[in-house]
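> Provided below for reference: sequence and predicted model.
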Amino acid sequence: QVQLVESGGGLVQAGDSLRLSCAASAHTFADMAWFRQAPGKEREFVATISWIGGYTRYADSVKGRFTISRDNGKNMVYLQMNSLKSEDTAVYYCARSSSRGRLASFDYEHTYWGQGTQVTVSS
């Protein structure tokens, strides 16, 4: 069992930056991802990073603005969010993939989830 705890959310203005963190209770020998869910919308994929090699994949809506990274020595995953827009407002979730190297983007492909952290961007 792996527990994931997100932090770093908050209220910011459009154009600002935030860095989200995800702390895992144990080594996550798998790809890790960030998803988000806005009010009234389905949860959507944001970004994923491979276990080794540093391969990443992003949703088109955040490409060039968000950067996912990980520190396996600290069991941490990060999401650096720059040039935030009002449409980035959502609850952001950290998730552990059931695979390695596939850079999965569907939520059913992820086994463990954090409780989420709220990001609100005012325009």
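Right, received. Where do you want to start?
> for the helix or strand Thr48 falls within, buried residues please.
Under the criterion of DSSP states H and E, Thr48 resides in strand 44-49. Neighbour counts over strand 44-49 (16 or more other C-beta atoms under 10 Å) mark Phe45, Val46, Ala47, Thr48, Ile49 as buried. C-beta: built from backbone N, CA, C; applies to glycine.
> isn't the third one right up against Ser61?
No: between Ala47 and Ser61 there is no contact under C-beta atoms under 8 Å: 10.5 Å.
> identify the residue nearest the residue sitting nearest the centre point of the chain in space, chain neighbours excluded?
Computing the C-alpha centroid of the chain and ranking residues by C-alpha atoms, centre = their mean puts Trp34 first, at 2.1 Å. With sequence-adjacent residues excluded and distances taken as C-beta to C-beta, 6 or more residues apart in numbering, Trp34 is closest to Val46, at 4.3 Å.
> also Ala38?
Ala90 (4.2 Å).
> now Val62
Leaving aside its sequence neighbours, Val62 sits nearest to Val46 (C-beta to C-beta, 6+ apart; 5.8 Å).
> isn't the one you found right up against Tyr58?
Yes: in this structure, Val46 is within contact of Tyr58 by C-beta under 8 Å, at 7.3 Å.
> pull up the overlap in contacts between those two.
Phe66 (C-beta atoms under 8 Å, 6 or more residues apart in numbering).
> so where is this protein shaky, pLDDT-wise?
53 (pLDDT under 70).
> again, only using 80
28, 53 (pLDDT under 80).
> for it, just list every one of the strands.
Taking DSSP state E as the criterion, the chain contains strands spanning 4-7, 10-13, 18-24, 32-37, 44-49, 56-58, 66-71, 76-81, 90-97, 110-113, 117-122.
> Ala104 is nearest to which of these?
strand 90-97 (5.1 Å; C-beta to C-beta).
> so which residues make contact with that closest one?
Counting by C-beta under 8 Å, 6+ apart, residues outside strand 90-97 touching it are 2, 4, 6, 9, 20, 22, 24, 28, 30-39, 41, 43, 46, 48, 77, 79, 104, 107, 109-119.
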